[in-house]
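**Student:** this is a predicted model, with the sequence first.
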Amino acid sequence: MSLKQTYAALPPVNRLEEQISEIRAKIDVINQSIDADDYTGNRFDDTLLAVSADSKRDYWERKLIELESLLDQYHSSTRGMASKKRRTNGAEFGDEITLERVTDAKRVTFRLTERVELYPEEKCITPNSPMGIAVLGKQPGEIMEIQSPRGDCCYMVISINRG
């Protein structure tokens with residue numbers, strides 16, 4: 001199942017909050033298993049159990065930090081948007097769009113346009129490109145998966161400035 005399909009059911013913020021809650025529950029279960037003193041008496045086996053539990057907890061804590069960071073970025077990017085007039089149909093031609101790559105938080109800003117020559121001084125994306133196809137109609141906070149010849153990548157829409 002692709003990341004896009006995984007995120008399809010709920011609004012973006014609800015998905016992030018749900019995942020954060022699930023990860024916190026997993027971490028609690030791991031912590032309880034560490035505290036339960038379910039040791040075998042064999043020092044080698046007990047060491048393996050402790051190391052395994054610690055590495056699982058570390059993994060889920062890193063995921064928790066990533067998702068909380070995404071949620072914080074979403075809230076900071078949408079703060080004050082209620083006062084601005086928002087269209088409900090998302091990114092459109094002429095809009096300046098800022099995306100953030102989920103894996104490394106690298107941001108990219110571009111203008112979505114049908115004709116690149118209309119904005120020669122700006123970085124432009126056309127709706128025929130993989131990124132243009134994926135971003136058209138998206139709103140801030142939405143996560144999208146972009147499939148391109150160079151590989152798949154996930155981005156979050158940070159902001160849309162109307163052209």
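**Tutor:** Done, it's in.

**Student:** secondary structure class for Glu122?
**Tutor:** Under DSSP: H, G, I helix; E, B strand; the rest coil, Glu122 falls in the coil class.

**Student:** avg pLDDT for the biggest strand by length in the chain?
**Tutor:** Counting residues, the longest strand found in the chain (DSSP state E) is strand 151-161. Across strand 151-161, pLDDT averages out at 89.

**Student:** CA atoms only for that strand, dumped as CSV, please.
**Tutor:** In CSV, the C-alpha atoms belonging to strand 151-161 read as follows (Å, rounded to 0.1, in the frame of the first residue of the first chain):
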residue,chain,number,x,y,z
GLY,A,151,11.9,7.7,-7.6
ASP,A,152,8.9,8.2,-5.2
CYS,A,153,9.0,11.0,-2.6
CYS,A,154,6.5,12.4,-0.1
TYR,A,155,5.9,16.1,0.4
MET,A,156,3.6,18.2,2.7
VAL,A,157,2.0,21.3,1.3
ILE,A,158,3.3,24.1,3.6
SER,A,159,1.7,27.2,2.0
ILE,A,160,-0.1,28.4,-1.1
ASN,A,161,0.1,32.1,-2.1
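
**Student:** buried set for it?
**Tutor:** Cys153, Cys154, Tyr155, Met156, Val157, Ile158, Ser159, Ile160 (16 or more other Cβ atoms under 10 Å). Backbone N, C-alpha and C define where each C-beta goes, glycine included.

**Student:** so what strands line up beside it?
**Tutor:** Using DSSP bridges, the strands paired with strand 151-161 are strand 96-101 (antiparallel), strand 143-148 (antiparallel).

**Student:** which of those has the lowest mean pLDDT?
**Tutor:** When I compare the strands paired with strand 151-161, strand 143-148 is least confident, with a mean of 84.
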